[in-house]
Structures are given as C-alpha cells and as structure tokens.
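J.: Need coordinates for the following:
(2 chains)
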Amino acid sequence: MDILYLIKPGEILLKKENQREFIRRLVKELRMRLGEIPVRIEEFPGRFFLFADQAHAERIEFVLSHCPGLNGFARSRLCHKSYEDILNAALAEAAERVSENKRSFKVEARRSDKSFPLGSYDLSAKLGEEILNAQSSLHVDVHKPDFVVNIEIRERAYVYSQSIPGPRGLPTGSSAKLLLLLSGGIDSPVAGYMMALRGSPIECIHFHSYPYTSREAQEKVEKLALALTAWCGHTRIWMLPFTEVQMAIKRSAPEETSTLMFRSAMMEAAGLLAERIGAKALVTGESLGQVASQTAEAMALTQAPLSIPVFRPLVGLDKEQTVGMATKIGTFELSTLPYEDCCVLFSPPHPLLKPDLKEGKNLYDSLGLRPLIEESLNKAEKLKFNYRDIR
Amino acid sequence: MNPKENVYLDWAATSPPDKQILEECLERSCHSYGNPSSVHDKGKEARALLEEARITLAKAVENRIAAESERQGAKAKGKIVFTGSGTEADQIPLLSVLKTALCKPLGLKECHIVVSAIEHPAVFAQAKRLEQLGIALSVVNPETDGRLLPEKIQTAIRPQTRLVAVMAVNNETGAVQDIGEIGRAVQEAGKVLGSKDISFHVDCVQALGKLEISLDPVLVGSAAFSAHKIGGPRGVGALWVSKSMEALCAGGGQEGGLRSGTENLFGAMAFATCAARAVKNLAERLDRARSLEAALMEGIRQIPGALILPECRRPGDRLFSPWILSAAFPGLGGEVLARALSDQGIAVSTGSACSHLERKKGHRVLDAMGTAPELSFSSIRISTGDATEPRDIEQFLSICADLYRRLKT
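T.: This next block holds a predicted model:
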C-alpha cells in the first residue's frame, strides 16, 4: 500500500456522546463504497487515514469526494517525526506544486504532539525558508497562496499540499430513510442530493403516464437515479404507472384544479409507499412560487393526504441557484434531455394558484382515487442502483 | 399483451432497402475499387461505372426511361451531381447563392431568396441560416389545402431575387405543387423585373419514383433527390442541374466542382438502379398506391373524431401524393398515438422524421396551412410503399381506432 489519504470528517466531530456511532457509520459507508479495493483505514481523533495502492487512486478520490460526512481529504506523505524527514517531504510536495505552475505558497504546521522539539511557528518559518531556497520561482504569500504545505505532527508526521473538498454533511445512514419524488426535471435530483448530505438513505418514486409520456423520459429518470447514487450510496426507484389516475382526474376534476389533484394523488401514493419501505418523510424539489402548484396554498393542499413530513430543501432557492447545484452534482445535463415527463394534454392552460384548502380537500376526497393509487403501487416497477454501477 | 404486428407505414421517412440491388452494386463497386479520378485502368473502370449510373439516374429523373424504347438516345436536359444526401443536394444551390452574392460588389445586400413555408428543413433551415448571414428571405405560405399559388410566389419575387425554392411533394401532407406553373411564374417575374438569373430549385425527394416528375430545364434550375426513399442506401443523394452553378464548398473538384470528395460508386450505382426500377412501373405502382390511399382514407373517416389533413383532401385527389397521408386524432397527441401504435408493432411518424431531432417540436407545415393547433398537435403521418399490403392498412385502422378510443383524453 503505497499511498495515503488524510481524511477530515466534518460535522460528526461536533457530536458528543454518539460521535462513535457516526464514525462507525462513516467508516462502514466508506468501505461499502470502496467495494473490492484493498485499503487500510486508521481512525484517530479528528482524522482518518486511508492506505491504498496507487492503481486505485482515481476511484478512491471519486469515493472520497462524494461521500457525505467528509469535509475534505488530501493525498499525504507519511514520515517519521524528525525534522530531516519532514523537510524532505515538504520539499517534495513543493516541487510537485511548482511543476503544476503554482507560484506562491505558505507553510502551516500543526503540532498535537507537543514533545516535538520545534514549535508550530518556528517549524513553519524554517521549512518556508528551505522551500524558498530550493525553488527559486516561488514566493511566500500568507493571505492568498496558490498552495499551502501542511505539516501535521501527531502520532506520526504528515505532509500534504493539495486538499480536495468533500461534500460535507453527515454520513449516509445516520438519518432516517427518505422517499424522493423524482421527476425528470432539474430540481428533484438536487433536492435528493441535499437530503443525502444530511445522512439519509434515499429511495425514489417516479410517476409516469405511458404512453402519454415516453420510455425515453423513464430512461432519463433512471439515469438521474444512478447519478444520485454517487452521493447517497445506493438507491431504488419505484416507477409508478399513473396514467389511470391521471385520466380519472381529467375526467372528474375541474380543469384548473387538475394539476393540484394530480400532485395530491402523487403525494398520497408516495406516502403509502414510504410507509411500506420505512421512509420517514418525503422529499420534493418544490421551490416557493416557482410554478402554480408550488405556492404555499398549493403545497398545503397537495400534502394534505400525508401523515409524514415533506422536506423541500429547495424551497428558498431560485432557479439559478438550483441549476448551479445541478451542474455541480452532474445531473443538469441529464435533466435537460428533451423528454417530457408530463403530457401537455394534462396541463391546464390556467391552473389554480391559491386553492382553498377545505374545498380542495373535499374535491380530492370526492374523486375516490385510492383504489387506482393502490393498483398503481401494486403494478410499480422497482429498479435498484448500486454504488458500483456508477462510472 | 397481443403479439406485435409488423406494419411499416413510415416510407416517407425511409424505405426498406432493396437488398438484392444493394448487394449487386456493392459487389460490383468492390470489384471496381479504383478512384474514379485516377488515370490507371482501375480508375477508368470505376469512372465508367459511375458515368453509367449518372446516365441511368438522369434518365430516371427526367422521365426518359419509358420513352427509351421508342426514341433511342433522347437528349439529356440536365446533369446529375451525386451528393451525400438529399439534404446536401438542397444545400448546394442555396449555398451557391451565398457564394455568388459574396463575390458581387453589393454582396449580401443585393441578394434575396424566396422559399415556401412548407419546405423540408433541408431547404427551410438552410434558408433561415442564410437569412442570419444577411441574405433577405421571403417565406410564402400555402393555402389551407397545402398548395402554393404561383401568383403568390410571383409576388414575393423582387429585382434582387436570386433563388426560389419550392418542393414538388410535401413530406408531411403529400401536397403536390404545380412545379410547371410555379416555374413559369418565376420566369415571368424575372422577365418583368429584368433579372435573368433567378434560379428555381425543386426538392423532389418525395417525388422520385412516386409520381410523374417533369423537369423543364427552361423553368427549373436544379432539383434534389434522395436514394433511401426508394430502396437505395442512406448517404446518397443527387442534385440535377440544368444551368451552371457555383459551389460554395471547394475541394478536389469532383462532380463538376459542385460536390467535392471521392465519389461513392456503390451508392451512385445503387441509387441509379433503384430509381430506374421505380420509374419503370410507375403507372401500375401508382394505381396500387391510390387504392391503398382510398382504403386508408375511408377507414380513417370511419373512426369517430378522426380527420384527414387537410380536410378537403379526397381519395384519388391528384393534388396529393397517394403515398403520404396526414391525419388528426383530436384529444390525443400525435406523438402519443405514434408511441402507442409502435407498442403494437405499427410504425408511423409525426410530421417529418427529421423534425424530431429539433428540441422544440413545432408543426411548421400544418401551422403554415392555418391548421388549428389542436389538430396539428394531434396529427400523425402515414406513408405507404411498394411492400404495403391492404392487410397492413386494415391492421393499422383497427388498432388505431381502438387506441384512439381508449387513449383520447
């Protein structure tokens, strides 16, 4: 095992009594995601160390940069706690960065082993001077350096200069399982990603109205679910055939209410599925005021059939912010493939914006959709996506 | 689920290839592998085959095959230029306008083109691109029956007009244009305005081997054809030119300088052979197509709610190609119906197959005819070919009626 990653867990360090439990989950999740790759993970207070072979570096870095609960990681040099060894490692790091055309640097030493003869400040200054002597193209910039040579003197000494951010958040499995209403749009995958970072395992539910919507639209949703796997570890998607429900609404509900009735039915179906699979809340990509069915009044009505909470992590974001996140997590390109997840024949030209809750609930109840929803759940197709499938 | 039918009613998109012709031509072209531009014997051998294909195709598109037996050696009216597709054959004359305009002192400002609103994207999108580049463009709308009035085309012509493009047969509705009359209108406008060099380009992709084509070299400057609509291979088209033309794209100067690139001998031979065969028995084949058309139209009329587009079209109508029919199923998206039919093994399309690659799906052709949006939205195109049997039409009608009844919203 010739390479070493120094891993920085994040939020879990703030936990007190149950920190051990969070750490156990994080390590378990890391091992699951690394799969067959042979690694040695060492846990120390505030740091993990992962030893592996160079051949697996790319996959390991993918895992570390996508695993919730990690604030960041760095490929690190391991050395004895002697000044000579540390100096050689620091010079080697600096030379590598210089070869990448980096120009300015600083040295930051941290010393949890106070028996080391040099203090943090003295060590930083001394190493800085040596690096300057060795690399004539470099200069020191303590405010905005191109790179930082980090020295950590702990049980051993570690030297690194290239930190890669992690996704932050909590390790998968430390919060309750959630059910994400996944459409083919830009928002819902982002909502799923955000909740995955809160440590929730995510399952997805998708409603299609084949043949009014295309198989391509379903395939697109499958691709989105797979892309989410990078963050939430593994997921399942439940494909519900909702054509009959949609047709019943189109037949019986006033046109302007049809979108709200349809969304209420989706919520009801998702609530029933959540109960069956043990999900404790639903997740949607709704953002306040984005479309007619995402006003506060509409949300009150569409969540009325539920007895579990609905998490809407995007509720306060605008479209641009969501698009930015979708691009970052790699779902934007998939979401913008040209396959509609709803047929225009089912979209009223003038949907109701501010439904009256009581009236709306009465109307919804009068539609008597439960048997059709149950039937749809029974016919649902279930697809599993594993972490190893990604990439 | 019922066993899937296998009914192909999308011949206007592409036709099943004629395997025998393709294999024969592939064999011959593999044997004569030389570059037709080479001076050695292998090159000359390939050149001879290519020129033979050129003559065969010219005869087919100029309707000289039937006349051959009576009058040997009827004189060719135009030249065939082999291209890489029907689209490319449409692009060459349009881009030639750009080339000519750029070489004139006033450049693009003194240049105007006229196209019909129902052209295939090969012409329409290219014309729009020229407009972006600064060439003035007039788009002429058809009447509600899909026909273009020659006088409307004439009115659109200006002293700066360099090219008029009108298709012979519309790929979505089957509407047939009176190319002779439109050509005369263009010529007359040219005389009145004192401009001699208005070129008239005709997209004949849906016409070759399907209807009688009359290419009068006095009226028509160029015409575009495609091989794969008549059993030939993809990747081969042809441009027929009766007047001199300058190409925008340059290269090795093959095909009279209009389409540079080493010639596709296999494609050219297969195209020519398929075209010759298609025009040979055209009269009988047309009779057959008309009878299928009648059955199809009658059947659609009996489906409650369904309509033929345009509504004025009647079976046997000479103003429409019997091979192409547009029908509307109000209350059901055309795309949805096509998808549901596909699940039952029946292939039809919505509008032009090419337009499905465009992100925003419009119904440009039907919209231009003033068709109500709810009808164009719910339209499908049914197109037949030589292998279509009356049984296929019956299968389509019965399954389509059933799906429409069940899926209509």
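J.: need the next SSE after the helix or strand of chain B with the lowest mean pLDDT, C-terminal direction.
T.: Ranking every helix and strand in chain B by mean pLDDT, DSSP states H and E puts helix B:373-377 at the bottom, with a mean of 90. As assigned by DSSP states H and E, the chain's next helix or strand after helix B:373-377 is strand B:379-383.
J.: Check whether that next one comes near chain A.
T.: No. Strand B:379-383 stays clear of chain A (Cβ under 8 Å from any Cβ of the partner chain), getting no nearer than 13.2 Å. Glycine gets a C-beta too; all of them are placed from N, C-alpha and C.
J.: sorry, back to before: would you indicate which residues of the least confident helix or strand of chain B are buried?
T.: Neighbour-count burial for helix B:373-377 flags B:Leu375, B:Ser376, B:Phe377 (criterion: 16 or more other Cβ atoms under 10 Å in any protein chain shown).
J.: and the gap between the second one and B:Val166?
T.: The one in question is B:Ser376. Distance check for B:Ser376 against B:Val166: by Cβ to Cβ, to the nearest Å, it reads 21 Å.
J.: ditto for the first one
T.: Taking Cβ to Cβ as the measure, B:Leu375 and B:Val166 are separated by 24 Å.
J.: Any residues of the stretch 251-391 of chain A in contact with chain B? List them.
T.: So the stretch 251-391 of chain A meets chain B at A:Pro338, A:Cys343, A:Val344, A:Leu345, A:Phe346 (Cβ under 8 Å from any Cβ).
J.: The last one against A:Arg263, yeah?
T.: No. The pair A:Phe346 / A:Arg263 is not scored as a contact, 11.7 Å apart, by Cβ atoms under 8 Å.
J.: any idea how far A:Asp146 is from whichever residue of the stretch 301-409 of chain B sits closest to chain A?
T.: Closest residue of the stretch 301-409 of chain B to chain A, Cβ to the nearest Cβ: B:Ala340 (4.3 Å). To A:Asp146, B:Ala340 is 60 Å away according to Cβ to Cβ.
J.: same check, this time on A:Glu320
T.: For A:Glu320, the distance to A:Asp146 - Cβ to Cβ - is 30 Å.
J.: Which one of those two is surrounded by more residues?
T.: Between A:Glu320 and A:Asp146, A:Asp146 has the larger neighbour count (other Cβ atoms under 10 Å in any protein chain shown), namely 17 against 8.
J.: tell me the contacts of that one?
T.: A:Arg97, A:Lys102, A:Arg103, A:Ser104, A:Phe105 (Cβ atoms under 8 Å, 6 or more residues apart in numbering or on different chains).
J.: Hmm, the third one is touching A:Leu138, no?
T.: Yes. Under the criterion of Cβ under 8 Å, A:Arg103 lies in contact with A:Leu138, with a separation of 6.5 Å.
J.: Residues in contact with stretch A:85-101: which ones?
T.: So stretch A:85-101 is in contact with A:77, A:79, A:105, A:107, A:123, A:127, A:130-131, A:134-135, A:137-138, A:146-147, A:149, A:151, A:153, A:157, A:159-162, going by Cβ under 8 Å, 6+ apart.
J.: can you tell me which of these are in strands?
T.: A:Arg77, A:Cys79, A:Phe105, A:Val107, A:Phe147, A:Val149, A:Ile151, A:Ile153, A:Ala157, A:Val159, A:Tyr160 (DSSP state E).
J.: Restrict those residues to those that also contact chain B, please.
T.: Okay, of these, nothing touches chain B (Cβ under 8 Å from any Cβ).
J.: Quickly list the domain ranges of the chain.
T.: No chain was given, so I picked chain A. What automatic domain parsing lists as the domains of chain A is A:3-165, A:178-389.
J.: Chain B is the one I meant
T.: B:7-15+B:282-407, B:58-280.
J.: Please convert the ones you listed to a markdown table, extending it with distance to A:Pro309.
T.: Shown next, in a markdown table, are the domains of chain B (distance: least, Cβ to Cβ, whole Å):
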| stretch | distance to A:Pro309 |
| --- | --- |
| domain B:7-15+B:282-407 | 36 |
| domain B:58-280 | 50 |
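J.: what about the residue lying closest to A:Pro189 once chain neighbours are set aside, neighbour count?
T.: Nearest residue to A:Pro189 in three dimensions, chain neighbours excluded: A:Thr331, at 4.0 Å (Cβ to Cβ, 6 or more residues apart in numbering or on different chains). By other Cβ under 10 Å, 26 other residues sit near A:Thr331.
J.: what about A:Thr331, distance to A:Met325?
T.: The value you get for A:Thr331 to A:Met325, if Cβ to Cβ is used, is 9 Å.
J.: So what's the residue count around A:Ser120?
T.: 16.
J.: contacting residues for it?
T.: A:Ala109, A:Arg110, A:Arg111.
J.: By neighbour count, which of those residues wins?
T.: Going by other Cβ under 10 Å, A:Ala109 tops the contacts of A:Ser120 with 25 neighbours.
J.: Would you report the backbone torsion angles of that residue?
T.: phi -110, psi 140 (degrees, to the nearest 10).
J.: contacting residues for it?
T.: A:Ser120, A:Tyr121, A:Leu123, A:Ser124, A:Leu127, A:Asn150, A:Ile151, A:Glu152, A:Ile153 are the contacts of A:Ala109 under Cβ under 8 Å, 6+ apart.
J.: May I have the beta-bridge partners of it?
T.: A:Ile151 (DSSP bridges).
J.: mean confidence score for stretch B:249-264?
T.: Averaging pLDDT along stretch B:249-264 gives 96.
J.: repeat for stretch A:88-95
T.: Mean predicted confidence for stretch A:88-95 is 96.
J.: buried residues in it?
T.: Per 16+ other Cβ under 10 Å, stretch A:88-95 contains these buried residues: A:Ala89, A:Ala90, A:Leu91, A:Glu93, A:Ala94.
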